[in-house]
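Novice: 3D model of this:
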Amino acid sequence: MLGRELLSHLTVNLVWANGHDWKPGIQTTSVHNQAAALWYIEKGKLQAVLSGKRWVLEAGDALLLPGGLLRDQLLTDTGVVWWSVGFEAQLFGRLDVLALLHPPVKWQPDPTTRDLLKGWMEQAAQQWPAEGLGHLPTSLPRDEQARLIGDGLARAIFGLCWRTLSVAELEQDRPLRVTGAPEWLIPALWAIQDDPALTPIQLCERFVVSPAHLRRCFHRFVGSSPQSYLMERRLERACRLLQSTHLTVATIGEAIGFESVYTFSRVFTERFHLPPSKWRERSTHPEI
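Specialist: Residues are numbered from 1 along each chain as shown. Below you'll find the predicted structure:
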């Protein structure tokens, strides 16, 4: 499961949102989207061939699709009312969280979840109206405010999918892993969130990896070196402690792994353009 600290590094962005009301006999072919998607069937039945595999979706079904999956064919013999949203969900701007749920996944949400999903998908489609012709038109935000609202709805939709599907994954004893990432990476990121005073050497010792392997994995999956990532987490923790406690600057610096208050103050000032004590004043008394 994603811990509270990791959730603060989760970004979810809406890519499109559409409502579909297809009459019997409608079909499309050769549709390709890079973003992940969620479909929800409100009425009727939809048949889909996705990268060569046939799916039959009926009223009440939801289907989570990975990004890049080829939609070979979509058709309905009976008519169908359905909703679709495309979105991206990433940790640290790099890790595809959806890959942890091993899509495509088909399931029937419980009544409460179903009503929330339908309502949020409908609201997203209202904020991102359809443009162009065809049975799968492009949708774009009405304005910048609609983009912000759409991202919020996409985050809520992802949250419901994660709550349901991550529990199912754990019940089936299937590990929640980022595709291609080593098993130790997510636990290592959790450990850093819990204790940003950790050093790269301590991470290597705890997770039994070499310094070179640690550097390679961080650059590939997190987008920075272990040292840079640890420093950002230390400074984030320092900001929280400066805002929420009366601890001295020296005590805070020591708690997050700096050997001296001088080094802590220098690094903090370089990052935020204010020394810790002055930053504390500004953040707790913004009128100053």
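Novice: so where is the stretch 101-250 of the chain shaky, pLDDT-wise?
Specialist: 167-180 (pLDDT under 70).
Novice: which element follows the host helix or strand of Thr164 toward the C-terminus?
Specialist: Assigned by DSSP states H and E, Thr164 belongs to helix 144-171. Following helix 144-171 in sequence order, the next helix or strand is helix 185-194 (DSSP H and E).
Novice: go through that following helix and flag the buried ones.
Specialist: Residues of helix 185-194 classed as buried by neighbour count (16 or more other C-beta atoms under 10 Å): Leu185, Ile186, Ala188, Leu189, Ala191, Ile192, Gln193. C-betas here are computed from N, CA, C, even on glycine.
Novice: name the nearest residue to Leu65, sequence neighbours excluded.
Specialist: Of all residues not flanking Leu65 in the chain, Ala37 sits nearest, at 4.5 Å (C-beta to C-beta, 6 or more residues apart in numbering).
Novice: who are the contact partners of that neighbour?
Specialist: For Ala37, the contacting residues are Leu64, Leu65, Ser84, Val85, Gly86, Phe87, by C-beta atoms under 8 Å, 6 or more residues apart in numbering.
Novice: mind putting the buried residues of helix 185-194 in TSV, distance to Gly79 included?
Specialist: Formatted as TSV, the buried residues of helix 185-194 follow (distance: C-beta to C-beta, whole Å):
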residue	distance to Gly79
Leu185	46
Ile186	44
Ala188	51
Leu189	47
Ala191	53
Ile192	52
Gln193	49
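Novice: among those, which two are most distant?
Specialist: For these, the maximum inter-member distance is 13.0 Å, found between Leu185 and Gln193 (C-beta to C-beta).
Novice: if we can go back for a sec, and the angle from whichever strand or helix holds the residue nearest to Leu65 to helix 144-171?
Specialist: Ala37 is located in strand 36-50, with elements delineated by DSSP H and E. Interaxial angle, strand 36-50 versus helix 144-171 (axes from the mean of the first three to the mean of the last three C-alpha atoms, to 10 degrees): 70 degrees.
Novice: what pairs with strand 36-50, parallel or antiparallel?
Specialist: In the sheet containing strand 36-50, the strands it pairs with under DSSP bridges are strand 53-58 (antiparallel), strand 62-65 (antiparallel), strand 70-75 (antiparallel), strand 80-91 (antiparallel).
Novice: circling back: and the contacts of Ala37, which are buried?
Specialist: Buried members of those, scored by 16+ other C-beta under 10 Å, are Leu64, Leu65, Ser84, Val85, Gly86, Phe87.
Novice: distance of the third one relative to Arg114?
Specialist: Right, the one you point to is Ser84. 15 Å (C-beta to C-beta, to the nearest Å).
Novice: just the first one next, same as before
Specialist: Distance from Leu64 to Arg114, counting by C-beta to C-beta: 14 Å.
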